[in-house]
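A.B. asks: Structure for this input, please:
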Amino acid sequence: MEINYNKLLQLLLGVVFLAPVLCLGQSLSVKGKIDGIGNKKVYLFVRDAHNQDMLLDSTIAAKDRFAFTHKPEELRFYTITVDSVPGGVTFFLEGDIQIAGDSKAIWESSVTGSPLTDEFKDYERQFIVPARQKIIALSNSMQDPNLDQGRREELGRQQKEIVDATRLQSEKYIREHPDSFLSLFKLHSLGTEKKRQFVGLLSQELQEHSFAKAIRDEAQFEASVSAGKPAPGFTIQDMKGNAVSLSDFRGQYVLLDFWGSWCGPCIKLIPETKAAYEKYKDKKVQFMGIAYDEEKDRAKLSGLIEKHGMAWPQIFQDMSDESKKGVVRSYLVTSFPSVILINPEGSIVYRGIGQDGLVEALKVLDKEIN
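C.D. replies: Numbering: from 1, shown residues only. I've put the predicted structure just below:
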């Protein structure tokens, strides 16, 4: 059972606070001192309306110190990272803040000047950490090669129970706190249908936030890229510099494989994807990888492609640049790995996620071509 710990952290969030009064257009400062970073480069990311962390600014630290100035248009969630330093500092920006910490454990840095962040961190220490430790302990136990199948399944059920319980807790919180900004923030931890359902429960003020608007827009847009709808066209260069257009493969089935070098389940699925490619490559089926990564990791991505012998075309999508991930955006892919199967007429016939998504896509393909 694959556990996405970042997703789990989102599921485990639960803190009571209302959206604060934010002075729109007012310059706010983020100043910090993280011992041990010297003169390394520091990055400021902001969580966008699609729940992606986007690079907002960067600077060079001077003797462990750094500073940013930003004019937020609305309340958002931010992360600061440092070159070659694991982890990051997370916070809400509602006023001038100060960060103090150590590069050996940057995620434990203190953040002052943000009451929302204080409550966020307090709840995290009280509830998230213990639950996460239970999940990790169960996962570690499942790695025992001598574990019998029955016990392995039981541990998997225990993991699922923890995740299900926290999801229900999130839903309960949103129902009971429609004015809380955290209710809006927590929507992204819910499944697609639940997210659409619960956004309507929020207060009118929160309904105007870009997060809520994006959820409503995505619901409408996703309907346009679901099974039975025309597949959005694209023309783009693959990682070898060759021009690739979806229209070039009209008359064939096309399987779009959305993955990334940072995605553990994606890497684990490569052998199965490769086996499927070998099976169908001579049956008018075109596989196409949509590699979703940061530009700085392009070499790592290329190494993985070469290592695993991924012979099908790979289209690079820069996750750190909104203008360079058009295919991911046009197909509204937010989970990785994802697969989308397109028929010879250019219509989507299946879309799914994870290993189950690939398995089901191949079942559909077998029915279509036999």
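
A.B. asks: what's the nearest residue to E360 if we skip its chain neighbours?
C.D. replies: G352 (5.2 Å; C-beta to C-beta, 6 or more residues apart in numbering). (Each C-beta comes from the backbone N, C-alpha and C, glycine too.)

A.B. asks: List the beta-bridge partners for that neighbour.
C.D. replies: As for beta bridges, G352 partners with V339 under DSSP bridges.

A.B. asks: Name the SS class of the closest residue to T112 other than its chain neighbours, please.
C.D. replies: With C-beta to C-beta, 6+ apart as the measure, Q98 is the residue that lies nearest to T112, at 4.8 Å, once sequence neighbours are left out. Here Q98 is recorded as strand under DSSP: H, G, I helix; E, B strand; the rest coil.

A.B. asks: For Q98, give its distance to E272.
C.D. replies: According to C-beta to C-beta, to the nearest Å, Q98 and E272 sit 49 Å apart.

A.B. asks: still on that earlier bit, okay, now the residue nearest to E360: neighbour count?
C.D. replies: By other C-beta atoms under 10 Å, 19 other residues sit near G352.

A.B. asks: Mind giving me the packing neighbours of the longest helix seen in the chain?
C.D. replies: Ordering each helix of the chain by length in residues (DSSP state H) puts helix 149-176 first. In terms of contacts (3 or more C-beta pairs under 8 Å, 6 or more residues apart in numbering; DSSP states H and E), helix 149-176 is packed against helix 5-11, helix 129-142, helix 181-186, helix 192-199.

A.B. asks: Pull out the buried positions in that helix.
C.D. replies: By 16 or more other C-beta atoms under 10 Å, the buried positions in helix 149-176 come out as L155, Q159, I162, V163, T166, R167, Q169, S170, E171, Y173, I174.

A.B. asks: how about those residues in a markdown table, adding distance to E278 and pLDDT?
C.D. replies: Shown next, in a markdown table, are those (distance: C-beta to C-beta, whole Å; pLDDT from 0 to 100):
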| residue | distance to E278 | pLDDT |
| --- | --- | --- |
| L155 | 34 | 92 |
| Q159 | 33 | 89 |
| I162 | 38 | 87 |
| V163 | 35 | 83 |
| T166 | 40 | 80 |
| R167 | 38 | 83 |
| Q169 | 45 | 81 |
| S170 | 42 | 84 |
| E171 | 43 | 90 |
| Y173 | 48 | 85 |
| I174 | 46 | 89 |
